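Trainee: could you work out the structure for the sequence below:
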Amino acid sequence: MSAPTISDPAVMATYPQARRRERDALLDLVALAPGETAVDLQAAGGYVADGIRARFGPQVQVICVEPTELRHRIPSVHRVCADPLHAMTSLADDSVDAVIGLAGLHHSEDMVATLRECRRILRAGGTLAVCDVEAGSTNAAWLNGFVATHNPAGHDGRFLPFGGIGALLRDCGFAAVHETRRNVPWCFGSEIDMAHFFTGLFGLALAPARVRAAVKSQLDVETSTHGVEVGWPLVYASARRPPA
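Mentor: Prediction:
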């Protein structure tokens, strides 16, 4: 699998609310108490890790697993693990309470090995919560089409059909598996903001005006007096490691 696309490190800081619904929907699937530990799987610059800290408090430790150079953007308040997703050897068995992954599974070299690693590091009763792009969706076509063409590093994500993540979780020994589709639109103040965000986030070697036109033609864009929403459908899945 390819690494995440090369992107502008400032874009998430410039538009911190753009993907808020996507992250909030994922964090709704877990509950963490002070003293517990969570893993941000394929953490990139630590966006989910920051959300965990904001929602559950600084007494929850967050370990960011990020094997690429993107890890250098992660704030120093989080512990960083540079292991690949399918072999998190720096993390001990039964050592964390939750594993949370936002749209990173499609970059794993081996999804089954990754999910088995998640089960290994989770304590009994611990929660896995992930979301990802669905095969055949508009955003799958955007990522493996437009982004793959116009990002210097390309994009070659392996997206699963609906039900695929849940099936893998059951095969890997998880219990209480639940999978659902959700549309979690990305939100902007204007189409200009939208264009700059998409250009930066996906590292597109194009003028924002061309990106704006492409987003409007390939994705579901709704503009109103309140701003702009870009439809972003994802599959959300949660499961638990059963008691020993």
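
Trainee: and the strands in this structure, which stretches?
Mentor: Using DSSP state E, the strands found in the chain span residues 37-41, 61-65, 79-81, 96-102, 122-132, 175-183, 186-188, 221-224, 227-230, 233-240.

Trainee: in CSV, list those along with distance to Phe162, mean pLDDT and mean neighbour count.
Mentor: Glycine gets a C-beta too; all of them are placed from N, C-alpha and C. Output for these, formatted as CSV (distance: least, C-beta to C-beta, whole Å; pLDDT from 0 to 100; neighbours: other C-beta atoms under 10 Å):
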stretch, distance to Phe162, mean pLDDT, mean neighbour count
strand 37-41, 20, 98, 26
strand 61-65, 26, 97, 24
strand 79-81, 30, 96, 18
strand 96-102, 17, 98, 25
strand 122-132, 11, 98, 21
strand 175-183, 6, 98, 14
strand 186-188, 21, 97, 22
strand 221-224, 23, 94, 12
strand 227-230, 21, 97, 19
strand 233-240, 6, 98, 23
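
Trainee: quick one: contacts for the closest residue to Ala141 other than its chain neighbours?
Mentor: Of all residues not flanking Ala141 in the chain, Gln218 sits nearest, at 7.0 Å (C-beta to C-beta, 6 or more residues apart in numbering). By C-beta atoms under 8 Å, 6 or more residues apart in numbering, the contact set of Gln218 is Thr138, Ala141, Trp142, Gly145, Phe146.

Trainee: filter the residues you listed down to the buried ones.
Mentor: Taking 16 or more other C-beta atoms under 10 Å as the criterion, what is buried in the contacts of Gln218 is Trp142, Phe146.

Trainee: what about the contacts of Gln218, which are in helices?
Mentor: Thr138, Ala141 (DSSP state H).

Trainee: for the helix or strand bottoming out on mean pLDDT in the chain, list every residue counted as buried.
Mentor: Across the helices and strands of the chain, mean pLDDT, DSSP states H and E gives its lowest value to helix 11-14, namely a mean of 90. The neighbour-count check on helix 11-14 (16+ other C-beta under 10 Å) flags Val11, Met12 as buried.

Trainee: packing partners of it?
Mentor: Applying 3 or more C-beta pairs under 8 Å, 6 or more residues apart in numbering; DSSP states H and E, one finds that helix 11-14 contacts helix 191-201.

Trainee: what does the least confident helix or strand of the chain contact?
Mentor: By C-beta under 8 Å, 6+ apart, helix 11-14 touches Ala18, Arg19, Gly45, Tyr47, His196, Phe197, Gly200, Leu201.

Trainee: so which residue is dead centre in this structure?
Mentor: Residue closest to the average C-alpha location in the chain (C-alpha atoms, centre = their mean): Leu102, at 1.9 Å.

Trainee: can you pull up the bridge partners for that residue?
Mentor: Counting by DSSP bridges, Leu102 forms beta bridges with Cys131.

Trainee: hmm, Leu26 and it touching each other?
Mentor: Yes: contact status for Leu102 versus Leu26: in contact at 5.6 Å, counting by C-beta atoms under 8 Å.

Trainee: tell me, what's touching these two both at once?
Mentor: In contact with both Leu102 and Leu26: Val48, Val130, Cys131, using C-beta under 8 Å, 6+ apart.

Trainee: you'd agree the first one is up against Val99?
Mentor: I take that to be Val48. No: at 10.8 Å, Val48 and Val99 do not qualify as touching, with contact defined as C-beta under 8 Å.

Trainee: show me where pLDDT drops low in the chain?
Mentor: Within the chain, the ranges that satisfy pLDDT under 70 run 1-7.

Trainee: could you provide the contacts of Gln218 in TSV, with additional columns for distance to Thr223?
Mentor: Shown next, in TSV, are these (distance: C-beta to C-beta, whole Å):
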residue	distance to Thr223
Thr138	17
Ala141	22
Trp142	18
Gly145	23
Phe146	20
